[in-house]
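>>> the sequence isn't on hand, but the structure is:
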Ligand SMILES: O=C(O)CCC(=O)C(=O)O
Ligand SMILES: [Fe+2]
C-alpha cells in the first residue's frame, strides 16, 4: 500500500487507513449536491426471517459493464459511469495506485438510516479485497468489532471529504457498521470503490 503509515489505524489483524480532508471541502460540497440530485436512487428489499424489509438507506451501483455485484441478496447490474463518478474514480485510483471497476453509493438520508454489522467478504471481491470509501456530507460514526465479538473495539468519525481505506486481511477479522443515531439530521453520502471479479473461482 502506498499510503503513509501515519494514516493507519492501530487495530490488530487489520489494515485500515483514515485520511481526513482528502478532498477539499468546496469540491466535496459540489460532489455531494450533484450526486444526491442526479443519482437514480433505489431502496432494495431484503429478506430476513422470511419477511421482506426495505433497506434503511438508498443505494446505487455504478461500474464497468461486466461488474455485476450481489449485495443485500440481489444481483445488481451496473449503471454506466457518469463524468463526475469517472473523475472521482480516477482520483481514488491514483490515491491508492490500484484499479476499481465499480462503486457502491449509499445515501443515509438522516440519522435513522444505517447499515448493520457485516464484512465486505463477498466472493466477487476476491481474497483480501481493497475497499476505498469516500464520505460526503454529515459525519457518521463507523464502528468496528472483531468477528465473533459483540463489543465495539474502535469507532472512527467519517468526516466530509475523508477517505477510509480497508485493505489486507481486515475483512477476515473485523466487521463494521454505521449505527442509527438521533444526533444527525443531515444526509450523508458514502461511495465505496471496489474491484469485482464477475466470475469468482475461475482463475
Ligand atoms: O457508509 C459507510 O461508511 C459504510 C458502507 C459499507 O460498509 C459498505 O458499503 O459496505
Ligand atoms: Fe461494508
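All right, it came through fine. Bear in mind that the values here come from a model prediction, so they are computed numbers and not experimental data. Residues are numbered from 1 along each chain as shown. Ligands and ions are numbered 1, 2, ... in the order given.
>>> enumerate the residues of the chain near ligand 1.
Counting by Cβ under 6 Å from any ligand atom, the residues of the chain close to ligand 1 are 104, 106, 115, 120, 133, 142, 158, 176, 178, 190, 192. Yep, even glycine has a C-beta here, placed from its N, CA and C like the rest.
>>> which residues touch the nearest residue to residue 15 once chain neighbours are set aside?
Excluding the flanking residues, the one nearest residue 15 by Cβ to Cβ, 6 or more residues apart in numbering is residue 168, at 3.5 Å. Contact analysis of residue 168 by Cβ atoms under 8 Å, 6 or more residues apart in numbering lists 1, 14, 15, 128.
>>> how near is the first one to residue 7?
Here the distance between residue 1 and residue 7 works out to 10 Å (Cβ to Cβ, to the nearest Å).
>>> overlap in contacts, the two.
With Cβ under 8 Å, 6+ apart as the test, residue 1 and residue 7 both reach residue 17.
>>> in stretch 117-136, what counts as buried?
Of the residues in stretch 117-136, those buried under the neighbour-count criterion (16 or more other Cβ atoms under 10 Å) are 119-120, 122, 124-125, 129-136.
>>> can you check stretch 189-203 too?
Buried residues in stretch 189-203 (16+ other Cβ under 10 Å): 189, 190, 191, 192, 193, 194, 195, 196, 197.
>>> what comes into contact with it?
With contact meaning Cβ under 8 Å, 6+ apart, stretch 189-203 is reached by 32, 35-36, 63, 66-69, 85, 88-89, 92-93, 98-108, 120, 123-126, 129-137, 158, 178.
>>> quick one on the thing from earlier: could you identify the most distant pair in the buried residues of stretch 117-136?
Using Cβ to Cβ, the buried residues of stretch 117-136 reach their maximum pairwise distance at 124 and 136, which is 25.2 Å.
>>> related to what we said a few turns ago, okay, the contacts of residue 168 in CSV with pLDDT next?
Below are the contacts of residue 168 laid out as CSV (pLDDT from 0 to 100):
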residue, pLDDT
1, 76
14, 95
15, 95
128, 93
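>>> which single one of these is nearest to ligand 1?
Comparing these against ligand 1 with Cβ to the nearest ligand atom places residue 14 closest, at 14.2 Å.
>>> okay, now the closest one: neighbour count?
21 (other Cβ atoms under 10 Å).
>>> how about the closest residue to ligand 1 within the chain, nearest residue that isn't a chain neighbour?
Closest to ligand 1 within the chain is residue 190: 3.4 Å, counting by Cβ to the nearest ligand atom. Excluding its sequence neighbours, the residue lying closest to residue 190 (Cβ to Cβ, 6+ apart) is residue 106, at 4.7 Å.
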